[in-house]
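**Q** here is a sequence with its predicted model. Questions after.
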Amino acid sequence: TQLLEQSPQFLSIQEGENLTVYCNSSSVFSSLQWYRQEPGEGPVLLVTVVTGGEVKKLKRLTFQFGDARKDSSLHITAAQPGDTGLYLCAVSYSMDSNYQLIWGAGTKLIIKP
Amino acid sequence: DAGVIQSPRHEVTEMGQEVTLRCKPISGHNSLFWYRQTMMRGLELLIYFNNNVPIDDSGMPEDRFSAKMPNASFSTLKIQPSEPRDSAVYFCASSTLAKNIQYFGAGTRLSVL
């Protein structure tokens, strides 16, 4: 069982449409990160959300952290072909002051022109 | 500033051959992570280092895999002997200990025939 469940796994929509993808868990987190991975590249950080209920905007992307800090959503308005990629959520895990990230499986998003 | 640099970008080899993947982290970063990404299993952490010391290698699939970090600016991941099931994209990422934001290289696409 994945600690972070991302849905949907795959989404293909037309340019100009709106969409929302989700990252859910039964655990509470101090923060959550969203990364985007474009084809042939490594993941790149988009945003970190820290406070329950927090909303952050990055141009046409809106990120929300759930009130209970167990889940997060990413909403894209008027999607563009440049938004195509794999969207990954991740949370920090630490043991003995050593940090690593736990990753969701990702949502593969294709925006058709 | 240069990001994380991985080489080679592509590697095609035959089963049984030794493969060495290389990574140069961002200068000043003291954590380095090796990941493997496949369609079936997503992004898997293989091993990570803090200050050149291996912290957690529980993700290394088996004894055929080994990783070293001889100094703060260089790490290798070696597979010997390689098998077709090792075919995947291997990513290296680095971060500072203070901030758990990971910066990824462009990856090495490995094909074992």
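**A** Received it, and whenever you're ready, just let me know what you need. In this text, all values refer to a predicted model and were calculated from it rather than measured experimentally.

**Q** contacts only, for B:Ile26.
**A** Contacts for B:Ile26 were tallied using Cβ atoms under 8 Å, 6 or more residues apart in numbering or on different chains; they are B:1-4, B:94, B:103. For every residue, glycine as well, the C-beta is placed using N, CA and C.

**Q** let's see 6 Å
**A** B:4, B:94, B:103 (Cβ atoms under 6 Å, 6 or more residues apart in numbering or on different chains).

**Q** and the last one, how far from A:Gln14?
**A** As judged by Cβ to Cβ, to the nearest Å, B:Tyr103 and A:Gln14 stand 33 Å apart.

**Q** the two: which is more packed in?
**A** B:Tyr103 (19 against 9; other Cβ atoms under 10 Å in any protein chain shown).

**Q** please name the bridge partners of that one.
**A** B:Ser94 (DSSP bridges).

**Q** with B:Phe49 instead?
**A** Going by DSSP bridges, B:Phe49 forms beta bridges with B:Leu32, B:Pro54.

**Q** so it touches B:Leu32, yeah?
**A** Yes: with contact defined as Cβ atoms under 6 Å, B:Phe49 reaches B:Leu32; the gap is 4.7 Å.

**Q** which one of those two has more residues nearby?
**A** Higher neighbour count among B:Phe49 and B:Leu32: B:Leu32, with 28 against 22, using other Cβ under 10 Å.

**Q** ok, and for stretch A:79-86, which residues are buried?
**A** Using 16 or more other Cβ atoms under 10 Å in any protein chain shown as the test for burial, stretch A:79-86 gives A:79, A:83-86.

**Q** list the contacts for the residue of chain A found nearest chain B?
**A** For chain A, the residue closest to chain B is A:Gly42, as judged by Cβ to the nearest Cβ, at 2.8 Å. A:Gly42 makes contact with B:91, B:104-107, according to Cβ under 6 Å, 6+ apart.
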